[in-house]
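[1] Below: sequence and its predicted model.
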Amino acid sequence: MNNRNRLTVYILIGLALGIVVGYFANANLANPAGFADAMSLVTTLFLRLIKMIIAPLVFATLVVGIAKMGDAKEVGRIGVKALGWFVIASVISLSLGLILVNLFRPGDAMALSGALPPVGTSSGIVTSSLTLKEFITHLVPSSIVDGMAKNEILQIVVFSLFFGTAAAAVGARATPLIDAVDGVAHIMLKVTGYVMNFAPIAVFAAVAGIIAKSGLGVLSTYGIFMAEFYLGIVLLWVVLILIGMAFLGPRVLRLVAELREPTLLAFSTASSEAAFPKTLEGLERFGVKNRLAAFVLPIGYSFNLDGSMMYCTFAAVFIAQAYGIELDLATQMTMMLVLMLTSKGMAGVPRASLVVIAATLAQFNIPEAGLLLLLGIDHFLDMARSATNVIGNGIATAVVAKWEGELGEPVKDVTVAPLR
């Protein structure tokens with residue numbers, strides 16, 4: 001058993017043990033919430049270790065990739081193709097969420113239960129304005145140091161695009177610097193390997209903590225809603241894989257297999273950001289040239305969170321249904337367009353979707369209090385959408401690589417090969 005398969009097995013064991021221990025703690029401990037808080041410290045530590053890696057890894061791999069391309073036109077061409085795919089995937093994800101929530105109408109059952117929070121109740125979720133001005137000003141960092149400190153992937157990508165393009169334009173004089181940044185990229189991949197050794201423990205702590213706090217009873221209370229949403233996630237996976245197969249052929253199944261470890265990690269920790277380093281490695285093992293993977297994948301993490309976008313429409317209309325608010329087709333289409341914009345730059349971290357949903361509800365006069373219906377089960381929903389984000393971005397990157405002729409044969413080891 002190689003190291004990757006061993007880590008996957010350990011993560012599965014951590015997931016299973018977390019369920020058992022969490023159930024025991026919820027049923028037998030006098031203060032299961034205290035146990036959950038203790039477990040959250042372990043999970044938080046792991047996620048902070050991952051965040052420690054993200055900024056330098058994205059910057060280093062992206063700068064070297066662009067510098068090695070050496071042609072601003074090539075960068076622009078690849079960027080346009082990637083954004084075109086992201087827009088199409090976003091429309092599919094948002095539309096599927098709308099279709100399923102109108103088909104299943106899960107909010108009707110919640111309305112009949114009489115368990116709705118009062119309309120004026122605050123969800124406690126802090127939202128910010130979603131104007132075009134806010135989006136544009138957030139896109140470009142006022143300081144790259146500040147952007148890296150806050151792990152603003154989209155801002156890091158923008159700065160890296162300028163830095164890498166300028167390095168390519170300078171030519172030979174920039175070669176020593178690019179070689180040094182290349183070294184940083186390889187060091188960060190090695191650090192990733194060290195951090196991933198803690199993944200099974202983090203998965204155990206995350207699952208044990210959430211079940212100890214909420215109990216398995218919350219799954220039965222919201223069982224139908226969760227089953228409908230997970231069915232939607234499965235359908236989205238099928239659609240994405242079929243579209244990927246149209247470009248990659250049967251090899252897309254090999255890609256999904258290569259991404260099983262980061263997908264499982266994203267599912268267990270409810271954070272697609274936690275899976276970023278391993279997703280990058282998986283794509284390179286699949287045969288995507290790392291200069292292209294390092295360019296497209298970070299952009300995807302800001303523009304192509306398929307699972308999160310599907311959840312946004314599904315959850316927003318669910319809350320409207322629960323409060324007896326009927327949204328006509330024109331209103332729902334407008335909501336979809338709003339979410340198309342506001343979801344871009346959404347952080348791939350737990351609960352980020354709720355912030356976007358909360359801001360969207362306010363624009364359509366839907367009670368924000370409805371988010372309280374979802375807070376108890378949001379972690380379980382976030383697990384599914386985070387895993388979907390990994391699969392969606394993996395397929396997107398591989399397809400763009402295929403279009404560009406940058407998809408080679410599978411390789412076994414990507415941690416020592418020079419960036420190309």
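    Structure's in. What do you need?
[2] Could you export stretch 148-168 as PDB, CA atoms only?
    As requested, the backbone C-alpha atoms of stretch 148-168 are provided in PDB (Å, rounded to 0.1, in the frame of the first residue of the first chain):
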ATOM      1  CA  MET A 148      -1.700  36.800   1.900                       C
ATOM      2  CA  ALA A 149      -2.300  37.300   5.600                       C
ATOM      3  CA  LYS A 150      -6.000  36.900   5.100                       C
ATOM      4  CA  ASN A 151      -5.600  34.100   2.600                       C
ATOM      5  CA  GLU A 152      -7.600  36.000   0.000                       C
ATOM      6  CA  ILE A 153      -7.000  33.500  -2.900                       C
ATOM      7  CA  LEU A 154      -8.500  35.800  -5.600                       C
ATOM      8  CA  GLN A 155      -6.300  38.700  -4.600                       C
ATOM      9  CA  ILE A 156      -3.200  36.500  -4.500                       C
ATOM     10  CA  VAL A 157      -4.100  35.200  -8.000                       C
ATOM     11  CA  VAL A 158      -4.400  38.800  -9.300                       C
ATOM     12  CA  PHE A 159      -1.000  39.900  -7.900                       C
ATOM     13  CA  SER A 160       0.600  36.600  -9.100                       C
ATOM     14  CA  LEU A 161      -0.700  37.200 -12.600                       C
ATOM     15  CA  PHE A 162       1.000  40.600 -12.700                       C
ATOM     16  CA  PHE A 163       4.200  39.400 -11.000                       C
ATOM     17  CA  GLY A 164       4.600  36.300 -13.200                       C
ATOM     18  CA  THR A 165       3.800  38.200 -16.400                       C
ATOM     19  CA  ALA A 166       6.400  40.900 -15.500                       C
ATOM     20  CA  ALA A 167       9.000  38.200 -14.700                       C
ATOM     21  CA  ALA A 168       8.500  36.700 -18.100                       C
END
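[3] Any chance you could list what contacts it?
    Contacts with stretch 148-168, where a contact means C-beta atoms under 8 Å, 6 or more residues apart in numbering, come from 51, 54-56, 58-59, 62-72, 75, 138-141, 144, 147, 174, 177-178, 273, 298-299, 301-302, 344-345, 347-348. For the C-beta atoms, the positions are set from N, CA and C on the backbone; glycine is no exception.
[4] quick check, distance from the strand or helix carrying residue 400 to the centre of its chain.
    Following DSSP states H and E, one finds residue 400 within helix 378-403. Centroid separation between helix 378-403 and its chain, computed with C-alpha atoms, centre = their mean, to the nearest Å, is 7 Å.
[5] Could you give the average pLDDT over it?
    Across helix 378-403, pLDDT averages out at 91.
[6] do stretch 104-113 as well
    75.
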